[in-house]
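# starting from these lines, generate the structure:
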Amino acid sequence: MSMWLTLAPIPADRASVVAEDFAKAFGADYRLLTGIGEDRAEVEADVEPGGDFPEWTAVFPALARCLGHGCAEIGGYEFGYGPAFLIPADEVAGVRAGLIAEGWCSGAQTDGDSASDGDNVFEDLARLLARALASGAAVAGGVD
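Residues are numbered from 1 along each chain as shown. Presented below is the predicted three-dimensional model:
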């Protein structure tokens, strides 16, 4: 079963989303991204044998935010796995910087369409956040 993450910039002053907002959205496999986050957190954790691994969302909070963890819900728009979520415009720069600091991307690719070109989903994600930042937009998302 697939779970598809969809993210799109929306005007910062809007508290709701409509289907048209997601016409040129970023999309990626939600389960793949969470699996990569979980696996990388375990590999990078300094845990004694038999110890507990930290939650990946605590190790990589910027990636977790891009996947909807800790985000406010947007009422009135439902995805297959719950309501839309929002990264407010005033937090977009911090989330993008966090992705870079967590080592997911270089952040060098900031121009062009937000659709994945297949080379690096994390660079594509950073590109979407850069577009939102440049236009003062918030980022809305959800999982189908």
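
# so E102 touches A58, yeah?
No - counting by Cβ atoms under 8 Å, E102 sits too far from A58 to count as a contact (11.7 Å). C-betas here are computed from N, CA, C, even on glycine.

# which of those two has more neighbours?
E102 (17 against 10; other Cβ atoms under 10 Å).

# low-confidence ranges, the protein, go.
1, 49, 108-118 (pLDDT under 70).

# who are the packing partners of the helix or strand containing I36?
Using DSSP states H and E, I36 sits in helix 30-44. Packing partners of helix 30-44 (3 or more Cβ pairs under 8 Å, 6 or more residues apart in numbering; DSSP states H and E): strand 4-10, helix 56-59, helix 61-66.

# how does it look with 7 Å?
Counting by 3 or more Cβ pairs under 7 Å, 6 or more residues apart in numbering; DSSP states H and E, the packing neighbours recorded for helix 30-44 are strand 4-10, helix 56-59.

# most packed of the ones you listed?
strand 4-10 (a mean of 22; mean count of other Cβ atoms under 10 Å).

# direction included, what does it pair against?
Strand 4-10 pairs in its sheet with strand 26-29 (antiparallel), strand 138-143 (antiparallel), by DSSP bridges.

# quick one: buried residues of the helix or strand hosting R131?
Assigned by DSSP H and E, R131 falls within helix 121-135. For helix 121-135, a neighbour-count test (16 or more other Cβ atoms under 10 Å) marks 121-133 as buried.
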